[in-house]
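>>> okay, sequence plus prediction incoming.
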Amino acid sequence: MKDKNENIEFIDFSRIPYGEPGIDIGWFIAQFQIDSIINIENKQKNDKLQDIFLETYIKQTKDTNILNYIKL
């Protein structure tokens, strides 16, 4: 979904009633890492996208504990 400023936003429906956010976030981060291994030329771009994703996630959710689940 995009907001009025054309920023991409994610909705994690698994967090609404229950669920471990580390699983979803970890999977998403792993996709960046897998692509970096398969396509080494994408590593710098993927690292930046991963950082932007985590910063935005924490800003939106205030969930700094997610960093305890994702140690790279």
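Nice, thanks for sending it over.
>>> what about the one residue sitting closest to the centre of the chain, which helix or strand?
For the chain, the residue nearest the mean C-alpha position is residue 53 (4.3 Å; CA atoms, centre = their mean). Using DSSP states H and E, residue 53 falls within helix 43-61.
>>> pull the residues that contact that helix.
9-10, 21, 25, 28-29, 32-33, 35-36, 63-64, 66-67, 70 (CB atoms under 8 Å, 6 or more residues apart in numbering). For every residue, glycine as well, the C-beta is placed using N, CA and C.
>>> surely residue 66 meets residue 25?
Yes. In this structure residue 66 lies within contact range of residue 25 using CB atoms under 8 Å: 5.7 Å.
>>> any low-confidence regions in the protein?
For the chain, the stretches with pLDDT under 70 are 1-5, 10-19, 70-72.
>>> the helices in it, which residues?
21-38, 43-61, 66-69 (DSSP state H).
>>> buried ones in the longest one?
To tie it back to what came earlier, the one meant is helix 43-61. By neighbour count on 16 or more other CB atoms under 10 Å, the buried set for helix 43-61 is 46, 50, 53-54, 57.
>>> could you export those residues to a markdown table, including columns for distance to residue 40?
Formatted as a markdown table, the buried residues of helix 43-61 follow (distance: CB to CB, whole Å):
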| residue | distance to residue 40 |
| --- | --- |
| 46 | 10 |
| 50 | 15 |
| 53 | 20 |
| 54 | 22 |
| 57 | 26 |
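>>> quick one on the thing from earlier: now the helix holding residue 53 against helix 21-38, angle please.
Helix 43-61 and helix 21-38 are oriented at 170 degrees to each other (axes from the mean of the first three to the mean of the last three CA atoms, to 10 degrees).
>>> run the chain-centre distance for helix 43-61.
From the chain centre to the centre of helix 43-61 is a distance of 6 Å (CA atoms, centre = their mean, to the nearest Å).
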